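[1] Test case, fold it:
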Amino acid sequence: MKRVKDIPFFKYIREIREYRFGTFYFFEGLVIGELNEGITFGWEMGKKAIDAAREVFGEDLPIAYISNRINDYYVVPADWGKFFKNRHQLDFYCVVGETKGSFASLVMERMFFKNSIKQFNDLEKAIEWSLQRIKERQAKKKVSDLSSNVK
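    Next up is the predicted model:
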C-alpha cells in the first residue's frame, strides 16, 4: 500500500502533524491519517486530530478525511460513539486499506458515521474522489450564498 509521502499529491501538503500514535497530513480541505502499527487508538488521540483539523481549516470549510490504513491497529470499542459524535465537521470519509482489521473496523464505523463511508484499495483514487466531493460542496455553498444575498 502507498503512504502519503510516496505519492505525487504530497507536493500539495499544507501541514503535517505527527503524534506518538500516528501522522496526519493536511491538504486543502483534506486530511489523511496514517496510524502507527499496533497502537490502541482511543478518544483522547482522536480529539487531538480533530482539534488539529479545526486549527488548520477553521470551522467553515468542508472536510474530507481519508483513513489510510497502512498498518494494523486497534480502536477502543467504547470510544466509537465519541469519535463519530465529534466528527460533525467531517463531510466525507474514506477508508483505504487491505489490512486484516480494515474490514471489521469499517463495519463498526458504518454503524456510527451519519454520512456514507467510501472504501478504496488505492490512496490516489480516494484522494481524487474526496477532492471532487469537496469541490462540489463548495460550488453548492457558493450558489446558496449567492441566493441568500439576492433575497
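[2] Scan the helices and strands of this protein for the one with the lowest mean pLDDT.
    helix 102-112 (a mean of 54; mean pLDDT, DSSP states H and E).
[3] Test of understanding: give the bridge partners of the most centrally placed residue in the chain.
    The centroid of the chain falls nearest to Tyr65 when counting by Cα atoms, centre = their mean (1.4 Å). For Tyr65, the beta-bridge partners are Val31, Tyr93 (DSSP bridges).
[4] Which residues are in contact with it?
    Residues in contact with Tyr65 (Cβ atoms under 8 Å, 6 or more residues apart in numbering) are 30-33, 53, 87, 90, 92-94. C-beta: built from backbone N, CA, C; applies to glycine.
[5] among those, who's most crowded?
    Tallying neighbours with other Cβ atoms under 10 Å puts Ile32 at the head of these, with 26 neighbours.
[6] OK, contacts around that residue?
    In this structure, Ile32 makes contact with 4, 24-25, 65-66, 68, 123, 127, judged by Cβ under 8 Å, 6+ apart.
[7] Which strands and helices lie in contact with the helix or strand hosting Ala126?
    Here Ala126, judged by DSSP states H and E, is contained in helix 123-150. Helices and strands touching helix 123-150, by 3 or more Cβ pairs under 8 Å, 6 or more residues apart in numbering; DSSP states H and E, are strand 30-35, strand 63-69, strand 90-97, strand 117-120.
[8] which strands and helices sit next to the shortest one?
    Strand 117-120 is packed against strand 90-97, helix 102-112, helix 123-150, with contacts defined by 3+ Cβ pairs under 8 Å, 6+ apart.
[9] Just give me the lowest mean pLDDT stretch among the ones you listed.
    The minimum mean pLDDT among the helices and strands packed on strand 117-120 belongs to helix 102-112 (a mean of 54).
[10] if we can go back for a sec, from the contacts of Ile32, which has minimum pLDDT?
    Taking the contacts of Ile32 together, the minimum pLDDT is found at Tyr65 (88).
[11] how much space between it and Tyr25?
    Using Cβ to Cβ, to the nearest Å, we find Tyr65 at a distance of 11 Å from Tyr25.
[12] Also Gly97?
    Distance of Gly97 to Tyr25, given as Cβ to Cβ: 16 Å.
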